[in-house]
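> Fold the following.
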Amino acid sequence: MISGAPDPVAPFSHAVEQDGWVFVTGQMPFTGTANDSPYPEGIEAQTHQVFANLERVLEGIGLGLEHVLQARVFLLHFDRDYTAMNAAYASHFPAGRRPARTCVGVSGLARGALVEIDFVARRPG
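Residues are numbered from 1 along each chain as shown. Modelled structure (predicted):
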């Protein structure tokens, strides 16, 4: 568990590492560390907040976005929010160094979030 990262909404760890591979649990757009903290309004703000929470987890284990190799994005309203989420998402990675990514529409996310993102990262050897 990472100090300063949002409390989990279920029984899981913020990140698990094995042989340099780091699997970061999907983060929600909580604005605080309590898992009942409010979410910001709108998909862009929620996407940026999810990144802030993911970066907090990565920093807690001595890594950053430059170590992310793969991302999965889960969208509650895929057709409505895909374009705006992509704009917010893209602002967090340099154009020449973006991770592989999957984005799927889902029927629900914890606490009514619009977006959740998880990562797979690799610790430099």
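> Tell me where this protein has helices.
Counting by DSSP state H, the chain has helices at residues 43-60, 78-90.
> Just name the most buried of the ones you listed.
Ranked by mean neighbour count under mean count of other Cβ atoms under 10 Å, the helices of the chain are led by helix 43-60, which reaches a mean of 21. Yep, even glycine has a C-beta here, placed from its N, CA and C like the rest.
> so residue 43 sits right up against residue 81, yeah?
Yes - using Cβ atoms under 8 Å, residue 43 is in contact with residue 81, at 4.1 Å.
> list residues touching both of the two?
75, 114, 115 (Cβ atoms under 8 Å, 6 or more residues apart in numbering).
> For the second one, give its distance to residue 55.
For residue 114, the distance to residue 55 equals 19 Å [Cβ to Cβ, to the nearest Å].
> Residue 14 contacts residue 8, doesn't it?
Yes - between residue 14 and residue 8 there is a contact under Cβ under 8 Å: 7.2 Å.
> contacting residues for residue 118?
23, 24, 25, 26, 27, 71, 72.
> wait, what's in contact with the closest residue to it other than its chain neighbours?
With Cβ to Cβ, 6 or more residues apart in numbering as the criterion, residue 118 has its nearest non-adjacent residue at 3.8 Å, and that residue is residue 26. By Cβ under 8 Å, 6+ apart, the contact set of residue 26 is 72, 74, 116, 117, 118.
> swap in residue 7?
Contact partners of residue 7, counting by Cβ under 8 Å, 6+ apart, are 33, 34, 35.
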